[in-house]
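Novice: The following block contains a protein sequence and its predicted model.
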Amino acid sequence: MKIFVGPKQRKAQRAEIERRLRKIKIFWLLIGIFLPLIVLALVAWIDKPSVSIESGYDGVAKLESNQGFCSAFLVSQNHLITAAHCLDYMDEGDYLKVSFQGESQTYQAKILYIARDYRSSVEEEKIKNDYAVLELEDKSFESYYELETTDNTVKLTDDVIVAGYPGGVTFSAAKGSITGLSWRNYNETLQIMAGAWPGSSGGPVFDKKTNKVIGILNAGDIEMGGMLVSLKMDVLERDLELNERINLSFN
């Protein structure tokens, strides 16, 4: 038996076909818009410029100035963090020498930022603001260390690694642990037991769980048998002036 299709049926069929075609066009339009964004995001994630301590300590630097030797670590392609006391008697805009493990070349680094409250604090309070940022002007690195705040992420006895250049001679890295979530009455600091010596100041303190930097090595408490004091990355995250000058990435 033949089925006859009248004008109304043909119109309904055309409408259904056009509706399906519109859906297909919208689908491919969305693919065209979002696919490039997805690809770019994946590329950025795969090529994220970070260097893990599992692959070495190439991002830890040795500093040399008129005041002696200290340590620092890369936090961007051409920026380093160090301790402000390593730059005593120096000012923003001054230069010092920077070198890295396994490289014979020495680079020039400009002092980009010294924590404002470090210079204005009384001697006992300086530990809370003992940080500074350097900028390399003749060198750019592809990889650098990721930073991590300690709020709700670290606890007592967590494993850490401290790294630096004691005496400005040989690179050193040592395992240790967090023995206090603050040092004395300074909540901005961590208390650590690990092997470090003069010249390691300004070096990174790595969280062994995440391989990210959670602090700066700032001092040793001689009265407490060489216990180390580290300024938390949280302090740098809260420094609005610092974050206007350099875009630091915190987790």
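Specialist: Yep, that arrived.
Novice: just the helices in the chain please.
Specialist: For the chain, applying DSSP state H gives helices covering 7-46, 116-120, 233-238, 240-245.
Novice: what about the strands in the stretch 151-251 of the chain?
Specialist: In the stretch 151-251 of the chain, the segments counted as strands under DSSP state E, counting those that start in this stretch are 159-164, 172-180, 189-194, 204-207, 212-221, 227-232.
Novice: Distance check, residue 156 against residue 180.
Specialist: 7 Å (C-beta to C-beta, to the nearest Å). Heads up, the C-betas are built off the backbone N, CA and C, glycines and all.
Novice: Of those two, which one has the most company?
Specialist: Taking other C-beta atoms under 10 Å, residue 156 and residue 180 do not tie; residue 180 has more neighbours (15 against 10).
Novice: so what pLDDT did the nearest residue to the more buried one once chain neighbours are set aside get?
Specialist: Take residue 180 and drop its neighbours on the chain: the residue closest to it by C-beta to C-beta, 6 or more residues apart in numbering is residue 191, 3.0 Å away. pLDDT for residue 191: 95.
Novice: check contacts around residue 191.
Specialist: By C-beta atoms under 8 Å, 6 or more residues apart in numbering, the contact set of residue 191 is 178-183, 227-230.
Novice: Can you tell me, leaving aside adjacent residues, what's nearest to residue 67?
Specialist: Distance criterion C-beta to C-beta, 6+ apart; nearest residue to residue 67, sequence neighbours excluded, is residue 88 at 5.9 Å.
Novice: and the one you found, how many neighbours?
Specialist: Per other C-beta under 10 Å, the neighbour tally for residue 88 reads 14.
Novice: Okay, now the unreliable bits of the stretch 51-200 of the chain?
Specialist: Low-confidence segments of the stretch 51-200 of the chain (pLDDT under 70): 51-55.
Novice: if we can go back for a sec, I'd like the strands of the stretch 151-251 of the chain laid out as JSON lines, including distance to residue 141.
Specialist: What follows is the strands of the stretch 151-251 of the chain, written out as JSON lines (distance: least, C-beta to C-beta, whole Å):
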{"stretch": "strand 159-164", "distance to residue 141": "16"}
{"stretch": "strand 172-180", "distance to residue 141": "19"}
{"stretch": "strand 189-194", "distance to residue 141": "26"}
{"stretch": "strand 204-207", "distance to residue 141": "15"}
{"stretch": "strand 212-221", "distance to residue 141": "15"}
{"stretch": "strand 227-232", "distance to residue 141": "23"}
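Novice: Quick check: which of those strands is buried the most?
Specialist: Ranked by mean neighbour count, those are led by strand 204-207 with a mean of 26 (mean count of other C-beta atoms under 10 Å).
Novice: How about residues contacting that one?
Specialist: Applying C-beta under 8 Å, 6+ apart, the external contacts of strand 204-207 come out as 53, 60, 73, 81, 145, 148, 153-154, 158, 160-164, 190, 192, 212-217, 230.
Novice: what lines up beside that strand in the sheet?
Specialist: If you go by DSSP bridges, strand 204-207 pairs up with strand 159-164 (antiparallel), strand 212-221 (antiparallel).
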